[in-house]
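1. Build me a model:
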Amino acid sequence: MCLSTILLSVKNLHVRFRTYAGVVHALRGVDFELSVGEIIGIVGESGCGKSVTASAIMGIIPSPPGEVFAGQAWFEGRDLLKLSEAESRSLRGNALSMIFQDPMTSLNPVLTIGTQLTEPFTEHQSLSNTEARQRAAELLRLVGISDSETRLNQYPHQLSGGMRQRVMIAMSLACNPKLLFADEPTTALDVTVQAQILDLLKRLNLELNTAMVLITHDLGVVASICQRVLVMYAGQIVESAPVQALFSEPRHPYSLGLLQSVPNPDYKGKKLLAIEGHPPDLLLPPDGCAFLPRCRYSMQACLETPPMFSVSTGHKARCWLNHPDAPSACHEVLKVAVAT
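-> This is a model prediction of the structure:
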């Protein structure tokens, strides 16, 4: 699997939503890159901007009330944020695709699986109805759905949650996309089906070399499938790291808080540590570090907005504890917290 070629480069992405209460600054300068064939995870609390990031890149932010008002998203030499609607439509479901969070609401309840699954072929590849139906049946078999011809004639409510999710994955892979966004692909599925869906995504990544952005709350999912992880908080990426580095040596207090709130079988009898407080109101974006009111390691410097500091190769964190001129005790404080 090739990880040397940059497939997607997102720079200074800002998204806002105009509401009756005011302007919500949902994304505040998001930057990241994705290589060909790479799988990255985006984690964080609800409302931190994970799904908005994917929707902005896909060009499906509802306008109004949403607006991408700054930034770039370069994909194969083109800025996705500058494309016309017609150009975006030619890419969506073709080179770019997305698995939405809830397959029951994402699938049209009054159309058969076959009708919905053949649309990408007729829209992007100009196949006849017969050819499109043959390809749709092949895709269902690819994602592990047996008796595919029968399933094509069924409606979403006739399938289980796991099967509906597999149909969504089949639809997203119809045109062999180079980049796939998966928004909470295992939500509301039982543990066995979750494992099957993750195994399927890993297999498709290996066989088709499809780059993936996995949006999830579940750090266990990230550990099992991703090579790199982005931690988001209050519309910003606060840490970017290889998966193993994040789990063994988080360099942002929020990342540490997420890890300490996950049950660990190695620490029987040890209480889980909750992150105190609430995320900031993005109607009034905070000055300084957004995590300051909830951080147990806050200091005077946190009144100013921290940049992303490079910790090691491929590892960055938006926290003053990582400033190269900070005392050595600051560099060690998160290491000690992880160890304890």
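2. partners of residue 72 in the sheet?
-> Listed by DSSP bridges, the beta-bridge partners for residue 72 are residue 11.
3. okay, now it: neighbour count?
-> 14 (other Cβ atoms under 10 Å). Heads up, the C-betas are built off the backbone N, CA and C, glycines and all.
4. And residue 62, by the same measure?
-> Residue 62, neighbours per other Cβ under 10 Å, totals 9.
5. how much space between residue 258 and residue 213?
-> 18 Å (Cβ to Cβ, to the nearest Å).
6. So for these two, which residue has more residues nearby?
-> Just comparing residue 258 and residue 213: by other Cβ under 10 Å the higher neighbour count belongs to residue 213, 24 against 21.
7. Need the pLDDT of the residue nearest to residue 118 when sequence neighbours are not counted.
-> Counting by Cβ to Cβ, 6 or more residues apart in numbering, residue 132 is the residue found nearest to residue 118 once chain neighbours are left out, at 3.9 Å. Looking at residue 132, its pLDDT reads 85.
8. From residue 229, how far out is residue 132?
-> From residue 132 to residue 229 the distance is 37 Å (Cβ to Cβ).
9. can you check residue 291 too?
-> Per Cβ to Cβ, residue 291 is found 17 Å from residue 229.
10. and if you look at residue 285?
-> 24 Å.
11. Please identify which of these two sits among more neighbours.
-> It is residue 229, of residue 285 and residue 229, that has more neighbours when counted by other Cβ under 10 Å, with 25 against 16.
12. okay but that one is in contact with residue 38, surely?
-> No: using Cβ atoms under 8 Å, residue 229 is not in contact with residue 38; the gap is 11.6 Å.
13. Let me see the ranges of the helices in this structure.
-> Ranges of helices within the chain are 50-58, 85-91, 103-106, 113-124, 129-142, 148-152, 161-172, 191-208, 219-225, 243-248, 253-260, 328-339, based on DSSP state H.
14. which residues touch the shortest one?
-> Residues outside helix 103-106 that contact it (Cβ atoms under 8 Å, 6 or more residues apart in numbering): 100, 156, 161, 164, 165, 167, 168.
15. ok, the second one - contacts?
-> Under the criterion of Cβ under 8 Å, 6+ apart, the neighbours of residue 156 are 103, 104, 107, 108, 109, 113, 164, 167.
16. are any of the residues you listed buried, and which?
-> Among those, those scoring as buried are 103, 107, 113, 164, 167 (criterion: 16 or more other Cβ atoms under 10 Å).
17. What number of residues are in the vicinity of residue 180?
-> Residue 180 has 23 nearby residues by other Cβ under 10 Å.
18. Could I get the pLDDT score of it?
-> pLDDT at residue 180 comes out at 92.
19. could we number from 44 for the rest of this?
-> In the new count, where the first residue is 44, that last one comes out as residue 223.
20. Residue 58 and residue 149: what is the separation?
-> In terms of Cβ to Cβ, residue 58 sits 21 Å off from residue 149.
21. Name the residue in these two with the higher neighbour count.
-> residue 58 (23 against 18).
22. for that one, which residues make a bridge with it?
-> Applying DSSP bridges, one finds that residue 58 bridges with residue 70, residue 111.
23. For residue 329, see how far away it is.
-> Per Cβ to Cβ, residue 58 is found 18 Å from residue 329.
24. How about residue 174?
-> 55 Å.
25. tell me the contacts of the closest residue in space to residue 209 that isn't next to it in sequence?
-> Of all residues not flanking residue 209 in the chain, residue 186 sits nearest, at 4.4 Å (Cβ to Cβ, 6+ apart). Applying Cβ under 8 Å, 6+ apart to residue 186 gives the contacts 209, 210, 212, 213, 216, 243.
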